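> okay, sequence plus prediction incoming.
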Amino acid sequence: MSLEELIAGCVENDRRSQEILYRRFFDLALRIVRRYTNDQETQLHIVNEGFLRVFTKISNYQGTGSFEGWLSKLIFHEVSNHFRKKQSHFKFIEVDQQHGQTVHNDGLDALKYEDLELEIKALPESSRKVFMLFAVEGFSHKEISQKLNISEGTSKWHVSNARKILKKNLEKPQKNNLGRKVTNK
């Protein structure tokens with residue numbers, strides 16, 4: 001069954017089309033969610049809620065741009081909603097690619113998910129797009145270079161640039177509702 005037929009079936013609330021679409025894009029959705037939580041039960045909950053959102057809004061898909069990108073965006077919004085509801089805090093983790101170590105930036109442990117999401121949205125468009133594909137959706141630099149028709153080196157530069165901007169912006173003191181400076185450290 002083609003993607004167009006699946007989408008049309010899902011718009012008509014056809015359970016078979018929904019199941020096929022779910023199975024076809026489950027791995028993509030799970031890969032996105034795994035970037036934010038290691039708990040398998042939470043991962044499955046978010047993925048399932050995300051697909052509920054996809055099936056509810058599928059009639060809004062216009063066919064412009066990739067369906068994978070549209071679905072990924074909805075799954076990402078469901079991740080955001082989950083953490084917003086739980087009022088969880090997002091830990092920003094940097095991977096030291098040279099040494100293969102994971103470094104937790106303790107200064108950002110109290111950073112709220114919404115703050116990070118706003119900072120990501122403020123990134124330059126090209127760097128944001130590459131960063132999202134790499135850090136959120138889990139694509140490799142090789143896959144990104146093929147998908148966006150850029151070199152692997154350019155992909156690595158955009159990820160590095162995005163991380164540099166995010167780190168700089170997230171370390172700036174911010175003001176709380178009372179007008180007092182609050183630091184993320």
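Right, received. Where do you want to start?
> and the residue most central in space within the chain, how far from residue 4?
Within the chain, the residue whose C-alpha comes closest to the C-alpha centroid is residue 136; the distance, by C-alpha atoms, centre = their mean, is 3.9 Å. Note on residue 136: its distance to residue 4, by C-beta to C-beta, to the nearest Å, is 26 Å. Bear in mind the C-beta positions are built from the backbone N, C-alpha and C, glycine included.
> what do you get for residue 162?
With the distance defined as C-beta to C-beta, residue 162 ends up 34 Å from residue 4.
> again with residue 69
Noted for residue 69: a distance of 16 Å to residue 4, by C-beta to C-beta.
> neighbour count winner among the two?
For residue 69 and residue 4, the more surrounded residue by other C-beta atoms under 10 Å is residue 69, and the numbers stand at 13 against 10.
> list the contacts of that one.
Residue 69 makes contact with no residue under the criterion C-beta atoms under 8 Å, 6 or more residues apart in numbering.
> phi, psi for it please.
Main-chain dihedrals, residue 69, degrees, to the nearest 10: phi -60, psi -40.
> pLDDT score for it?
We note a pLDDT of 89 for residue 69 in this prediction.
> cool, and residue 105?
According to the model's per-residue confidence, residue 105 sits at a pLDDT of 44.
> okay, buried residues for stretch 16-30 please.
Within stretch 16-30, the residues that qualify as buried are 17-18, 20-22, 25, 28-30, counting by 16 or more other C-beta atoms under 10 Å.
> now, these that are in helices?
Secondary structure from DSSP state H places 17-18, 20-22, 25, 28-30 of those in helices.
> let me have these in TSV, adding distance to residue 150 and pLDDT as columns.
Shown next, in TSV, are these (distance: C-beta to C-beta, whole Å; pLDDT from 0 to 100):
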residue	distance to residue 150	pLDDT
17	35	95
18	35	95
20	32	96
21	30	96
22	32	96
25	25	96
28	21	93
29	25	94
30	26	93
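> just those now: which is nearest residue 151?
Here the nearest of these to residue 151, counting by C-beta to C-beta, is residue 28; it sits at 24.3 Å.
> so what's the closest one up against?
Going by C-beta under 8 Å, 6+ apart, the list of residues near residue 28 reads 68, 71-72, 75, 137.
> among those, which ones are in helices?
Judged by DSSP H, helices contain the following of the contacts of residue 28: 68, 71-72, 75.
> pull out the buried residues from those residues.
Neighbour-count burial (16+ other C-beta under 10 Å) applied to those gives 71-72, 75.
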